[in-house]
Every structure is written in structure tokens, then in C-alpha cells.
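Asker: Structure for this input, please:
(2 chains)
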Amino acid sequence: MTADTDRARSELLRELAYEDTLSCVQCGYCLPACPTYAAFGKETHSPRGRIHLVRLAAEGKMNDWTLLAEAMDLCLGCRACETACPSGVRYGRILESARTAIAARRRPGAFARAGRKFAFRGLFPHKRLLNSLAGTLWVYQKSGLEKAAESLRLTRLLPASLAAFAEVLPRQTSPAARARRPKTFQPRGERRFRVAFFTGCVMDAMFERVNRLSMELLALAGCEVVSVPGETCCGALHAHAGERGDAKRLAMRNIEAFERLEASGIDYVVHNAGGCGAMLAEYPRLFDDEPLWRERARRFADQCADISVVLAQLELPFKRDPDRWVTVTYQPSCHMTHVQKVTAPPLDLLRSIPGVRLADMEDRDQCCGSAGIYNIVHHEESMSILDAKMRSVRATGAAVVVTTNPGCLLQMRLGIRRAGLAERMRAVHLVELLAEACGLTR
Amino acid sequence: MDADRFSERHLQELKSIFGEERVLWREHDLYSYAFDASFGTYKPDAVVQPLTAEEVCRLVRMANRECIPLTPRGHATSLSGGPLPVHAGIVVDMSKMNRKLIIDEDDLVAVVSPGVITAHIHQAAEQKGLMYPPDPSSSQVSTIGGNLAENAGGPRGLKYGVTKDYVLGLEVVTPCGELIRTGGRTVKNVTGYDLTKLIVGSEGTLGIITEATLRLIPKPQAAETIMAVFGDLVACGRAISRILTSGILPSKIELMDQASILAVENYEPCGLPRDAKAIVLIELDGHPAAIAAEKAVAHDVCVRTGARTVWSAQSEAEQREMWRARQLVSPAIARIKPTKIAEDICVPKSKIPEAFARLEQIRDKYGLNMVIFGHAGDGNLHPNIMADSRDAAEMKRVEQAVEEIFRLALELGGTLSGEHGIGTMKAPFMPLELGEAGLDMMRRIKQAWDPNGIMNPGKMFPSPGQRLVLTDD
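Answerer: Residues are numbered from 1 along each chain as shown, chains lettered A, B, ... in the order given. Down below sits the predicted model:
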């Protein structure tokens, strides 16, 4: 073998996280945890099947990368398999390496490429642009156009996947109210923590209300809340799609923004989106070959915490009538459970609300099929996963489904509609339920 | 058998039986059914996913007519290569045939489809106050069909026996494509040859199981655990032997040697004593009053045979904590080296101490990372060798050590495999245990059932000159 092909081979092994694939002993313990294996019933769509394909591709034994891409594309990236794995296989790394390698080899049509580039480089990182889109959405909803469009079934003209979501988008904040949001919130009573609030991009654009309530809740519980000037999109969608370079650039900007704030004394960087929080926690991984940045990323990641982790340490002044019982069920964010490993605090908070009866659902830790933009690009597959999830949700008899991530929240709203439960069930972010119970919502 | 016999014509016939959806033939799908939890990658020509016994009959008749190898498979958790299509042909994924799970409280039986997950049988039985005892470690994943084909065991084997002890009847598609029923629904049944027991553990070489009738027993009211720490592995083996002759029968006796203790403590500190040579977990089940008395006996034996400390769990939480350490062994040892060679010898109970001593000698002789843990109490020891498959020299030493472990088991009056099965890797050692005449009787049985040799060829019976090989290329 020539030196060149030798080098190409070892390059491929590194590109595809080959070492990580070797730690899989193919025991199959991941099968029951994998939503796509359950939904599609093929090993090709199981974690160990995918790992095996990546291993064979790295070894040059399977050379049809379109087939590899098919298997990797349909993964939700929920990472439930990592929690189930008895050998500690780092599936997230394997998945991301494969997606990055596949993205680098893809020659998409010019239109798709431009659209993707616009979304990843032009849209998600630019808060102002996203906010103005959200502003348009607000006009659309407030003006009654939404009702008109719905009654005329205009939304049906959009591709089915987007139409489905247009119907479940949250109420938007008016541009004026958005501009009035204070930069700092003072603690009620004695100050317990000083926290920086990471607003995120999609979260702040589409779910500004949840962000605002988050800051008010933190203040109510005794936190001084400051914003992080210069923060940007966390980069999760980029990283999951194999756009690693973009993810890294965004991470560096967030780390720098945080470091400018660090000197003033911050106890936590608080976030409220399970997926974004997981990405922030994994920033060090982006800098495997850059020790200095890795250290900065680690320091940043150590400060980050989901809002439930912070609130669970504090006391909330609930005003809810304890005799007005309501049954609530919790659909955890996969990335919060399997990557951030935050499981108890949201449940503890729910149990602490007066009059809330928590009904556990079967297969609670199974993904709802939202998974970033999976539910848009793989709509049919996502809906079959969602319908399975809704059977468990329905069985709880709950009136409220609580989630901790914007994608899951939209998906649950869609699921409630699809299951015909809209009359007796609603989906909310954990923060919304807590805020209601503290009398914060108007 | 000739792999390239499979052609487009065969694929079309499979599609006419199963429809487009349940016939897989593209490269990435084939590679996804090319492995199990043991060694090697063998790409099949096609994968099919039957839903009914009728479909299986049609499939087998076609394969028999065309002489195409069939390899049945559940969730492919096998550690011995049972589901590997070593001669290519068609992989029969039985995991989708999972509709039937009936618990009959009056007859104390369960009637199940082969694709039902074993743990689901456990749960369904327990809901009615009953128990299906066989509990292989993979029961959360493994299908009952795979358990039956491999005659799976588990920790509770010590007191309750293994899969074969709980099978009353089977529905099987023979290698010629006929549907037969063996056994029945009663514990007592001496009508003719016991084909049920012949099929159980036949590793898919005699047919495809399409339904099983399993025996259930009342669920024990309670279970409690004690933990004993030893400064010497052989003394620990002696303690296990003594407990078993002291008039009590624990439901589980699980062992961790020093290498496993250190691996666990390095991985996730549980407060286990790092200088201990062995830790034994003993679970007693039954009526609470009986447990209390038996616990005292077990405690006493451990102390008298030289245990450093013995303590019993005071609460459910403490009990869980004890078992958690044992469960952490697998992930912990995976950190030592990437390739795990899990052996599975079983020796008579009286030989447990000697087996420990000799295993330590083998480990030192070949300079390998070997951890010993597992079910110890029934003599089923799991020496696990941790190596790196990319290190050819090390893998050669592993091959030699494994061969010596097999010879040791036989010398002590034991067997090559307690619960994992023979499959591909242990086939070369079959004559050692059975003798040529013994193995020949098995060959003739196989010949009578499967004249064209289509059912899972390459398993159990060694091909001429076959040796143990653990390297991939």
C-alpha cells in the first residue's frame, strides 16, 4: 500500500471517530431505548447498527456513502442509547463525526445548498433577523390573518411538514413589548444568586414569553438576573447537521461573551432549553485538538445550568389554590436527560406546586420525535414516533403536558392536535406552569 | 455451501412471501444484520421479517428447495455467534413476531410468540403473582425465541434452573418446512421422544421456533441480600462450595474478583475495599421467616471460611446499592481494553475453588487482563479477557489462553459452555467434550432433521481442521 492511501485511510479513521466505534461490543442493550428502532423495526436504524456502519465505512468496507447517510440522517440524535449503554460508548461523537463527514461529501442541489446556508449562517445566528420574523408572526396571529388562513385552509398549501407547525406556533410577543424587556431583573428579597440568562435564538424569537417568565421567576426566587451582551445561537442545530465549523465559531462567540461577564461575579449561566443546554455542556468536545479553547469551554460549561437546577435549590412563592387539583405529566427533553443528565429537578419542582398531581407516563424517556429539525425534514417518520408517544401521554389522563425544550413543546402541541385531545389537554414549558402557579402570568 | 447461489429470482420469491417492506437486501441493511455480540461480520444475501408461522413455513420450503442457508435470529445478543450468517444466505429476523403473550393463571403457563422480549414475560407473570425464573442478563433486550434456541441461563439458574427447565411445549417449523408441535401444556408428559428438549439449545440448527408454552411458578414473597468480602479468591471459592452443602439454596450467588472490584472503583467509586481479593453477593428468596434463618447460616459459613467482613443489607436501598456494584462490572471493565472475550465455562460445585486457582495461573502465564465475575454459585464462571483486537500478538495469546480454559473446564469434569452456547467459536472443542462417537450421534440427528443442511450451517459442528480464531482478517 502506498503512503498516500495509508494516510487517506488513517485520515478517514480519525474523521469518523473510529476509536469510539470500537468500544461498542454490540450487546444490543441500546435497542429498547431507541425510538427509531421501535418505529422502523430495522437494525439499520438502531444505535449499534449505525455504529457498525460507521465502523465499516471507516475501514473502507462499505463505500456507498448515500446508504450510510440514509442510516445516519434518520437518527433523532436523542442519545437515549448513551444512557442505556453498559459500555459507555460515546454515540454522540460517532453520530456527529459521521454527519460532518457526510456533509463534507454531499453535493446538494444549488437551491438546497443556498437554503441550508441561509438557515445555518444567515438565520439562526442573527437574533435581530429571527426576532423580526417572530414579529411578522405576531402580526399574522394578531391581525386575524391566522384565523382567516386557517379557515380557508391556506396553511395546507405549505409543504405538509411546515403547515403542521404553523398551526401550533406559540402566541408571539409584540415587537414593542420585546423591546421593553429589561436587561436586568432585581431579586425579590435577599439575593441568593447572581445569574446570567442565556436567551438562545429560536427560544428568544418564538418563545420570548417563556424567556421573560424565566427571568421573572428567577428574580422572584431571589436571583439577580443579567443578560449576556453578545451571546448568540448555541450552535446545536449546526453541530447535529454536521456543520461543525459553524458550531465552533458560535461556541467561541458565546464563550467570549460569557468571559466578559465573568469578572462581575456570576453563579450560573441559566438556560431553559434542554437542547441548547446540552450543546453548551458539550462545548469542550468541540475543541478536542485545541487545549486552550477546550479549557475556556470547560470553564464556561461548568457554569451553565438548566433553570430547573437553579430553581430547585430556591423557594418559589406559590399562590396556587392547593384544592384545585390538576393532573400533569412530564415529557423530558432527551438532551436534558441523556446529555445534561438532569432528571430529578423538573420532577421535584412539579411536585412542589400546590394542587399538582404528577402522573408518570410509560416510556417517559423515549423521544417525542421532535429532535431539532427532524420533524420538518423527516416529517412522516417523526409523526409515527410522535403518535406512539401520544398513546402514552393519553394514558396518563393528564390535562397538562410539561416539557423543557422548545422543539418538544411544539411537537407536543402538534401531538395533542393529532390525537384529538385539544379540548382537554395543553402543552406548556415547565417555566410557564411555575409562573402560573406563582401568579406571574397575566 | 455456496453463497453466490442466491440470485434475483430468489429475492423476487421472498418478496412474494413477505411483501417489499419485510425483505431487506440493500447493503447497509445487510451489514446491520451481519453481527451479534460475539465476533466477526458476515454479510447475508437477504434479511426477512416474518410475522406468522405460515410465512416461516413458506420461507423454509423455498430455502430447502433451493438449498439456501437460513439463520434465525432474535435481537442478536448472542455471545457465541448463533445469529451470524457465516455461510451467507437468508437471516430470519424473528423479533417482529411478538404479538402473543398470554399468562394462564389456572394452568400456570405462558404462551408466547418467539419475538416477545424475555423481560416482558417476567413483568406479565409478576403482575399475576407468578414468575418465569430464567433471567439471562440480557433479558431486557433478548427475545424468548433466542433464549430457547440457546438454552439461556442467568443468575437464578443456581436455584431455579435454566430455560430448558421451563419449556413445556413448542411449535416449530422443521427444516423441510412442516409445522410441528412438541410437548404440551403439562409438566408431566412422557409421550414419545422429548423433542422439546432437543430443540431447546439446538442453536437454530434443527428448525425455527414459532411459539412456546412456558412453565410458571409462584413468585417468592421476598428476597434479601448479604455481601461477604474475602482476602483470598480460593477461600472465597471454598465458602461458596460450603454454603451450597449447608442445607440452604440461595437464589443467586454472584462473584466479583479483585480485578473487577478495582475496575468498578476506578470507574465509579462505590466504596468497595480495593485490597479485597473477592466479593460475593448472596441472595436468598422465599418466605421472610425462612430467609432470616437461611441468612444466619450463610453468614456463619462465610465467617468460618475466612471472610473478612460479612454484612446484610438493612434496607431495599442498601440492597440495590450492593447489586449496583455488580452491575457496574461490565461497563467498568470495558474501560480496560476495547475487546471483550467473555468465556462461559461451568464446573461441578466442588471444583469451584480449584477452578479459581487455575484461572489465575492461566491469566499470569499469558500476561492477560482477565477478570472473573458471574454466577459462581452454580459453577458457571465467566472469565472475561479484555484485549485489543488490533494487537495481533495479544490476540494470539488470548486464543491460547481460551483453549487452556476450555481444557481446564473439561479436566475438572465441567463443560465448555454453561449458558452462552457453542456457535462458531467453541465448535472446534466439541470432540474434546463429547468424543468422536458422541459428536457423531449429534451429526446423525442433525442429518435426519435437516438433510440439506440449510438450518444455521457452520454452528456447533466443527468443519475439518477448524481452529479457534479471534482475529478478524
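Asker: measure whichever residue of the stretch 101-250 of chain B sits closest to chain A to B:Ala76 for me?
Answerer: Of all residues in the stretch 101-250 of chain B, B:Val141 sits closest to chain A, with a separation of 4.9 Å (Cβ to the nearest Cβ). Just so you know, the C-beta spots here come from the backbone N, C-alpha and C atoms, and that holds for glycine as well. In this structure, B:Val141 and B:Ala76 are 9 Å apart, going by Cβ to Cβ, to the nearest Å.
Asker: ok so, going back, what backbone torsions are found at the spatially closest residue to the residue of the stretch 101-250 of chain B closest to chain A that is not a sequence neighbour?
Answerer: Nearest-residue entry for B:Val141: A:Gly28, 4.9 Å, with adjacent residues in sequence omitted and distances by Cβ to Cβ, 6 or more residues apart in numbering or on different chains. Main-chain dihedrals, A:Gly28, degrees, to the nearest 10: phi 90, psi 0.
Asker: Break chain B into its domains for me.
Answerer: B:1-219+B:424-473, B:222-411 (automatic domain parsing).
Asker: State the mean pLDDT of the last one.
Answerer: Along domain B:222-411, the predicted local confidence has a mean pLDDT of 91.
Asker: Just the terminal-to-terminal distance for that domain.
Answerer: The stretch domain B:222-411 measures 39 Å between its terminal residues, going by Cα to Cα, to the nearest Å.
Asker: Between B:Val141 and B:Ala76, which contacts overlap?
Answerer: Applying Cβ atoms under 8 Å, 6 or more residues apart in numbering or on different chains, one finds that B:Val141 and B:Ala76 are jointly contacted by A:Gly28.
Asker: the more surrounded of these two?
Answerer: Set side by side, B:Val141 and B:Ala76 give different neighbour counts by other Cβ atoms under 10 Å in any protein chain shown, the larger being at B:Ala76 (28 against 24).
Asker: how much space between that one and A:Arg244?
Answerer: 33 Å.
Asker: which stretches of the stretch 101-250 of chain A have low pLDDT?
Answerer: Along the stretch 101-250 of chain A, the model assigns pLDDT under 70 to residues A:107-163.
Asker: What separation do you get for B:Ser139 and B:Gly74?
Answerer: In this view, B:Ser139 and B:Gly74 are 12 Å apart by Cβ to Cβ.
Asker: mean confidence score for stretch B:82-99?
Answerer: Averaging the model's pLDDT scores along stretch B:82-99 yields 97.
Asker: what residue lies at the spatial centre of chain A?
Answerer: Geometric centre of chain A, nearest residue: A:Gly275, 2.5 Å, by Cα atoms, centre = their mean.
Asker: Give me the contacts around the strand or helix carrying that one.
Answerer: With elements taken from DSSP states H and E, the one containing A:Gly275 is helix A:274-281. The set of residues that contact helix A:274-281 without belonging to it, under Cβ under 8 Å, 6+ apart, is A:198, A:200, A:203, A:234-236, A:239, A:247, A:254, A:269, A:271, A:300-301, A:304-306, A:332-337, A:339-340, A:342, A:372, A:404-408.
Asker: just checking, which of the residues you listed belong to helices?
Answerer: Secondary structure of these is defined by DSSP state H; positions in helices are A:Met203, A:Ala236, A:Ala239, A:Ala247, A:Asn254, A:Phe300, A:Ala301, A:Cys334, A:Pro406, A:Gly407, A:Cys408.
Asker: State the distance from the nearest residue to A:Gly275 once chain neighbours are set aside to chain B.
Answerer: If the residues on either side of it in the chain are set aside, A:Gly275 comes closest to A:His335, at 4.8 Å by Cβ to Cβ, 6+ apart. A:His335 sits 21 Å away from chain B when distances are taken as Cβ to the nearest Cβ, to the nearest Å.
Asker: A:His335 reaches A:Asn405, doesn't it?
Answerer: Yes: with contacts defined as Cβ atoms under 8 Å, A:His335 counts as touching A:Asn405 at a distance of 7.2 Å.
Asker: how close does the residue lying closest to B:Phe6 once chain neighbours are set aside sit to B:Phe39?
Answerer: The shortest distance from B:Phe6 to any non-neighbouring residue, by Cβ to Cβ, 6+ apart, is to B:Asp45 (3.7 Å). For B:Asp45, the distance to B:Phe39 equals 21 Å [Cβ to Cβ].
Asker: and the residue of the stretch 101-250 of chain B closest to chain A, what does it touch?
Answerer: For B:Val141, the set of contacting residues under the criterion of Cβ under 8 Å, 6+ apart consists of A:Cys27, A:Gly28, A:Tyr29, A:Leu31, A:Pro32, B:His75, B:Thr77, B:Ile117.
Asker: cutoff 10 Å now
Answerer: A:27-33, A:84, B:37, B:74-77, B:117-119 (Cβ atoms under 10 Å, 6 or more residues apart in numbering or on different chains).
Asker: just B:Thr424 next, same as before
Answerer: By Cβ under 10 Å, 6+ apart, the contact set of B:Thr424 is B:38-40, B:42, B:80-82, B:84, B:86, B:458-460, B:462, B:466, B:468-469.
Asker: Now do the SS call for it.
Answerer: Three states are possible here, and by DSSP: H, G, I helix; E, B strand; the rest coil the one that applies to B:Thr424 is coil.
Asker: which residues does B:Glu254 contact?
Answerer: Taking Cβ under 10 Å, 6+ apart, we find B:Glu254 in contact with B:155, B:158, B:225, B:227, B:279-283, B:322-323, B:326, B:329, B:373-377.
Asker: for A:Asp323, that is, sorry about that
Answerer: Each residue near A:Asp323 by Cβ under 10 Å, 6+ apart is listed here: A:Pro354, A:Gly355.
Asker: Name the helix or strand for the most centrally placed residue in chain B, please.
Answerer: Centroid-nearest residue in chain B, with Cα atoms, centre = their mean: B:His420, separated by 3.4 Å. Following DSSP H and E, there is no helix or strand that holds B:His420.
Asker: tell me the average confidence for the helix or strand where A:Leu68 lies?
Answerer: Per DSSP H and E: A:Leu68 is located in helix A:65-73. Per-residue pLDDT values across helix A:65-73 average out to 93.
Asker: At the contact with chain A, which residues of the stretch 251-400 of chain B appear?
Answerer: In this structure, the stretch 251-400 of chain B approaches chain A at residues B:267, B:327-335, B:337-340, B:342, B:388-390, judged by Cβ under 10 Å from any Cβ of the partner chain.
Asker: give me that answer again for 7 Å
Answerer: With Cβ under 7 Å from any Cβ of the partner chain as the criterion, the stretch 251-400 of chain B meets chain A at residues B:Ser330, B:Pro331, B:Ala334, B:Pro338, B:Lys340.
Asker: Looking at these, which is nearest B:Thr186?
Answerer: Closest approach to B:Thr186 among these (Cβ to Cβ): B:Ser330, at 38.8 Å.
Asker: Identify the residue spatially nearest to that closest one, adjacent ones excluded.
Answerer: If you skip the residues right next to it in sequence, B:Ser330 has A:Pro86 as its closest partner in space, 4.8 Å away by Cβ to Cβ, 6+ apart.
Asker: swap in B:Thr196?
Answerer: Taking Cβ to Cβ, 6+ apart as the measure, B:Thr196 lies nearest to B:Gly183, with 3.9 Å between them; neighbours along the chain are not counted.
Asker: can you pull the pLDDT of that neighbour?
Answerer: 96.
Asker: Distance check, A:Asp323 against A:Pro354.
Answerer: In this structure, A:Asp323 lies at 9 Å from A:Pro354, with Cβ to Cβ as the measure.
Asker: and whatever residue of the stretch 101-250 of chain A ends up closest to chain B, how many neighbours does it have?
Answerer: Ranked by Cβ to the nearest Cβ, the top residue of the stretch 101-250 of chain A for proximity to chain B is A:Ile102, at 12.8 Å. Other residues lying near A:Ile102 total 20 when counted by other Cβ under 10 Å.
Asker: okay but it is in contact with A:Trp65, surely?
Answerer: Yes: using Cβ atoms under 7 Å as the test, A:Ile102 is close enough to A:Trp65 to be in contact (6.4 Å).
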